[in-house]
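Q: Here is a sequence together with a model predicted from it:
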Amino acid sequence: MGGAQTPLVGKKIKDRYYLLERLGGGGDGTVYLARDEILGKYWAVKEIPAHRSKEMRILKNLSHSMLPQIADYVEEDEKAYLVMEYIEGRNLEELRKEGPCSREQVIQWGIQLCQVLGYLHSRHPAVVHSDVKPSNLILTENQELYLIDLGSSVVVGEGRQRVGLCRGTREYAAPEQLLGRLGCTSDIYSLGRTLEVLAGGKKEAGDKLWRILKKCQALQEAQRYQDCQELERELRKAAAKNQIRLERPLVIRVGIFLLGGCLLMSGGDEISRSQGRQVRQDIWLDEKEEFLDVYTVVQNQIVQGMLMGGKNGSVLLEESVKRLRELLKEEQREREQAALWLALARVYRELGQTHSAERAYARALENDSGNVQTKQEYQSYLAEEGIKKKT
């Protein structure tokens, strides 16, 4: 193990936790690896200021799958110690030094971190981690992600802010943290900075992910995402867009949803196979980005259901039907309605609901009668099912 020697290495706390080595410094204290001489297991023990005893007792009640378990809080010899589950794995600071992490992985980690930070912020009183950074994120052999160093966390009051604290790591801390003010949006700033660093800091024009990270890191707190749920929704939209783009060749092979090698094309546009089957979706070309975002999330769920198959796949498809019908109630524009009805028809086909599929095709054509591809797909479907109907 061979950690750096300090006066506390070799000390036994509570006549039970034997400090073996220094793991590192975090927030306002030092973290040690300790062996529990009663249970025979290893813990991470953080030395913290004794005046934080009330705060530590609140933290001891936290329970989340991405947080290390807090096992004990000890006050001894005018010092205080927080005993936490020792998470074995690699921290993301080590991982990123090998090169930028993939965009897909960064987004997924971001979604997971929104969930654990959202849990902390929703406590009563709210808990701010205050030191979100790559070295405080551990990835286990099973690819499970943990947010560690709960000893740096701060309990904030009803105003969801606390003043008089200058805590965190300068490279990742929000501007207000460095001035002694800390709140839930401070964690959102640090999360945005962390994800940007993990992705290598390479920005692309018009990239939705970078727009999200830029908003996380707004200098003014009011200009950031105000809660982790809002940020998670935006990251999920980015994930859905990215997955659809990366899996395009696979998606195109999903027969029913992409019959004839076409995906919501209009005006008879042909797919250029030499260009990797990139589909030009004219039906959305001039429409608002938010519609495309919402539609893409649903589309991704549909594709997942189709590829999954079986009972679980059917559950996803049924959920997609409900969401598409909700969108149809909200959306008034004809071209968007046509896109939604066409998607609904394809899901009904996959579920084997013939009459519902037929009605959905008809409604798609009512809203976009000039779409040649939709008409051809509908005619093909009628022929396949042996239904005689004029279109």
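A: Ah, there it is. Please read all numbers here as calculations on a predicted model, not as lab measurements.

Q: now stretch 363-371: how far from the chain's centre is it?
A: 36 Å (C-alpha atoms, centre = their mean, to the nearest Å).

Q: what mean pLDDT would you report for it?
A: What stretch 363-371 shows for mean pLDDT is 87.

Q: how about it as PDB, C-alpha atoms only?
A: Output of stretch 363-371 as PDB, limited to C-alpha atoms (Å, rounded to 0.1, in the frame of the first residue of the first chain):
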ATOM      1  CA  ARG A 363     -54.000  10.100 -39.700                       C
ATOM      2  CA  ALA A 364     -50.400  10.700 -40.700                       C
ATOM      3  CA  LEU A 365     -51.500  11.200 -44.400                       C
ATOM      4  CA  GLU A 366     -54.300  13.500 -43.300                       C
ATOM      5  CA  ASN A 367     -51.800  15.800 -41.800                       C
ATOM      6  CA  ASP A 368     -49.200  15.400 -44.600                       C
ATOM      7  CA  SER A 369     -50.900  14.100 -47.700                       C
ATOM      8  CA  GLY A 370     -48.000  15.000 -50.000                       C
ATOM      9  CA  ASN A 371     -45.500  12.800 -48.300                       C
END
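
Q: Please point out which parts of that stretch sit buried.
A: Under the neighbour-count criterion of 16 or more other C-beta atoms under 10 Å, stretch 363-371 has 363-365, 367-368, 371 buried. (C-beta placed from N, C-alpha, C; glycine too.)

Q: from the residues you listed, which is closest to G89?
A: A364 (49.3 Å; C-beta to C-beta).

Q: Just to be sure, that closest one is in a helix?
A: Yes - counting by DSSP: H, G, I helix; E, B strand; the rest coil, A364 is part of a helix.

Q: That one and R346 touch, don't they?
A: No - the pair A364 / R346 is not scored as a contact, 9.9 Å apart, by C-beta atoms under 8 Å.

Q: And for E171, the neighbour number?
A: 11 (other C-beta atoms under 10 Å).

Q: Is it correct that it is in contact with K133?
A: Yes - the criterion here is C-beta under 8 Å, and E171 meets it with K133 at 7.4 Å.

Q: What mean pLDDT does stretch 336-350 get?
A: For stretch 336-350, the mean per-residue pLDDT is 87.

Q: Any idea how many residues pack against C184?
A: A total of 23 residues lie near C184 under the criterion other C-beta under 10 Å.

Q: Tell me who's in contact with it.
A: 121, 126, 128, 156, 160, 227 (C-beta atoms under 8 Å, 6 or more residues apart in numbering).

Q: tell me the contacts of the last one?
A: Right, D227. 118, 121, 184.

Q: Any chance of JSON lines for those, columns pLDDT and distance to M84?
A: As requested, these are exported to JSON lines (pLDDT from 0 to 100; distance: C-beta to C-beta, whole Å):
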{"residue": "G118", "pLDDT": "96", "distance to M84": "21"}
{"residue": "H121", "pLDDT": "95", "distance to M84": "20"}
{"residue": "C184", "pLDDT": "94", "distance to M84": "22"}
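
Q: circling back: which one of the contacts of C184 is nearest I70?
A: Ranked by distance to I70 (C-beta to C-beta), the contacts of C184 are led by V128 at 16.3 Å.

Q: Scan the helices and strands of the chain for the one with the lowest mean pLDDT.
A: helix 248-252 (a mean of 41; mean pLDDT, DSSP states H and E).

Q: following it, which helix or strand comes up?
A: helix 289-308 (DSSP states H and E).

Q: ok now that next one, how far from the chain's centre?
A: 16 Å.

Q: Give me the packing partners of it, helices and strands only.
A: helix 228-246, helix 310-330, helix 334-351 (3 or more C-beta pairs under 8 Å, 6 or more residues apart in numbering; DSSP states H and E).

Q: I111 is nearest to which of those?
A: The nearest among those, by C-beta to C-beta, is helix 228-246 at 5.0 Å.

Q: roughly how far out does that closest one sit from the chain middle?
A: 7 Å.

Q: Could you do stretch 112-123 as well?
A: Distance of stretch 112-123 from its chain centroid, counting by C-alpha atoms, centre = their mean, is 11 Å.

Q: quick one: buried residues of it?
A: So stretch 112-123, judged by 16+ other C-beta under 10 Å, has buried residues 112-114, 116-121.

Q: Among the contacts of D227, which are located in helices?
A: 118, 121, 184 (DSSP state H).

Q: how far away is the closest residue to the first one other than its chain neighbours from I188?
A: Spatial nearest neighbour of G118, excluding adjacent residues (C-beta to C-beta, 6 or more residues apart in numbering): C228 at 3.6 Å. Here the criterion is C-beta to C-beta, to the nearest Å. By it, C228 lies 7 Å from I188.

Q: For those two, indicate the residue with more neighbours.
A: Ranked by neighbour count (other C-beta under 10 Å), C228 and I188 place I188 first, with 28 against 25.
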